[in-house]
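Peer 1: turn this into a model:
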Amino acid sequence: MIVGLGNPGPAYEKTRHNIGAMVADGLVFSYGEKYTVHRKSGAEVATVRIGDQPVLVAKARTYMNTTGRQIGPLAKYYGVTPDEVIVLHDELDIDFGQVRLKRGGGEGGHNGLRSLSQALGSRDYARVRLGIGRPPGRQDPAAYVLKPFPSADRAEVELLIGNGVDAAELLVRQGLESAQNVVHAW
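Peer 2: Residues are numbered from 1 along each chain as shown. The predicted structure follows:
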């Protein structure tokens, strides 16, 4: 299961905090699929076939800090364990436009990851970390992540989305270590 983190609604659609959801959308649309609402969990879901493997792509329809309320029950419904989850999320500690992969680790103050870890009962899931960079000057990180990307960064955002889609597909097809060797060389 691939989970794209973000906040619902048009006010958050193009914000840095929603880059994970943007990558999930890019993945779903690249396979010509559409989301439906999973009745038991309330999450948006779509199934894509990466190689020979069906993969559930999901987004919570709750705010970021309560992501686990829908994704936890969704994982339970489908019998998905934390080691079968790939989370797409924004990362302040990675330069804008960079993509990094890892498994497990802390949440680094990311409320979406915290909620997801609590709901899954583990931090041991794979992560596609999408670099949004640190805020300039003394700007509050919480305010920074909720601001839209500047229009001057549009091409770089599209490239980041495409690289995030590619990274998620590589994780599914090749596993973490092999995918890291490719993605970390970009």
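
Peer 1: mind checking how far residue 77 is from residue 3?
Peer 2: Separation of residue 77 from residue 3 (Cβ to Cβ, to the nearest Å): 14 Å. C-beta coordinates here come from the backbone N, C-alpha and C atoms, glycine included.

Peer 1: what's the answer for residue 48, then?
Peer 2: 13 Å.

Peer 1: more neighbours: the two, which one.
Peer 2: Neighbours were counted for residue 48 and for residue 3 using other Cβ atoms under 10 Å; residue 3 has more, 30 against 20.

Peer 1: return the set of residues that bridge with that one.
Peer 2: Beta-bridge pairing for residue 3 (DSSP bridges): residue 58, residue 87.

Peer 1: residues contacting it?
Peer 2: The contact partners of residue 3, by Cβ atoms under 8 Å, 6 or more residues apart in numbering, come to 20, 24, 57-60, 67, 71, 85-88, 116.

Peer 1: in PyMOL, how would I select just the buried ones from those residues?
Peer 2: Entered in PyMOL, the line below selects the buried ones among these, by 16 or more other Cβ atoms under 10 Å:
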select buried, resi 20+24+57+58+59+60+67+71+85+86+87+88+116
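
Peer 1: make TSV out of the contacts of residue 3 and add distance to residue 144.
Peer 2: Below are the contacts of residue 3 laid out as TSV (distance: Cβ to Cβ, whole Å):
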residue	distance to residue 144
20	16
24	22
57	27
58	26
59	22
60	22
67	20
71	25
85	27
86	25
87	21
88	19
116	21
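
Peer 1: the residue nearest to residue 115 when sequence neighbours are not counted: neighbour count?
Peer 2: In space, and not counting its chain neighbours, residue 115 is closest to residue 68: 3.9 Å by Cβ to Cβ, 6 or more residues apart in numbering. Other residues near residue 68 come to 22 when the count uses other Cβ under 10 Å.

Peer 1: what sits against residue 68?
Peer 2: 60, 115, 116, 117, 118, 119, 120.
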